[in-house]
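S.K.: can you look at this prediction? I've put the sequence above it.
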Amino acid sequence: MRITTSLLFPMLLFIAGAGRAQAGDLSDVLAQCAACHGVEGIAKSADVPHLAGQNELYLLNQIKAFKTGRRAHKEMRYMSRQMSEAEMRDIARHYATMPR
Ligand code: HEC
């Protein structure tokens with residue numbers, strides 16, 4: 001089953017990173033995002049959206065929507081679960097400033 005292996009790696013990364021994630025250090029979080037959305041914000045999988053160069057406010061709103069469950073998606077809900085407001089804003093800015 002394709003979904004199982006494609007999810008296992010980021011899940012493991014997430015678990016490994018969760019313990020040492022520091023406030024203000026985004027690189028641990030971004031490494032997890034990169035597993036699906038690409039290091040450059042360009043996704044390799046057709047069912048994963050590119051984030052590079054997307055509007056900052058849009059990205060922030062989507063992450064918030066995943067966190068609250070307003071936008072339903074299992075993996076993204078899981079990823080956004082522990083994010084602080086500041087982290088969500090930093091992440092949105094990070095991807096918005098990446099070249100497409
Ligand atoms: C397991 C794979 C996976 C991981 C890891 C992951 N994402 Fe996603 N992400 C997705 C998928 C799939 C979608 C599309 C969801 C849908 O179809 O509604 C998505 C959607 C999004 C969107 C909405 C984009 C849009 O155009 O609407 C944002 C923003 C986002 N992810 C940010 C992140 C961030 C930030 C992280 C790291 C904290 C992350 N994602 C980690 C798979 C992942």
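M.R.: Cool, got the structure.

S.K.: so where's this structure uncertain?
M.R.: Along the chain, segments meeting pLDDT under 70 span 1-5, 12-24.

S.K.: spell out which residues of this protein are next to the ligand.
M.R.: Where the chain comes near the ligand, counting by C-beta under 6 Å from any ligand atom, the residues are 7, 10, 29, 32-33, 35-37, 47-49, 51, 54, 59, 62-63, 73, 75-76, 79, 91. C-beta here means a position set from N, CA and C on the backbone, and glycine is covered the same way.

S.K.: nearest residue to Arg89 in space, please, no chain neighbours.
M.R.: The shortest distance from Arg89 to any non-neighbouring residue, by C-beta to C-beta, 6 or more residues apart in numbering, is to Leu60 (6.1 Å).

S.K.: the one you found and Ala86 touch, don't they?
M.R.: No - using C-beta atoms under 8 Å, Leu60 makes no contact with Ala86, being 11.2 Å away.

S.K.: the two: who's more crowded?
M.R.: Under the neighbour definition other C-beta atoms under 10 Å, Leu60 and Ala86 were set side by side, and Leu60 has more, 19 against 11.

S.K.: alright, calling it a day.
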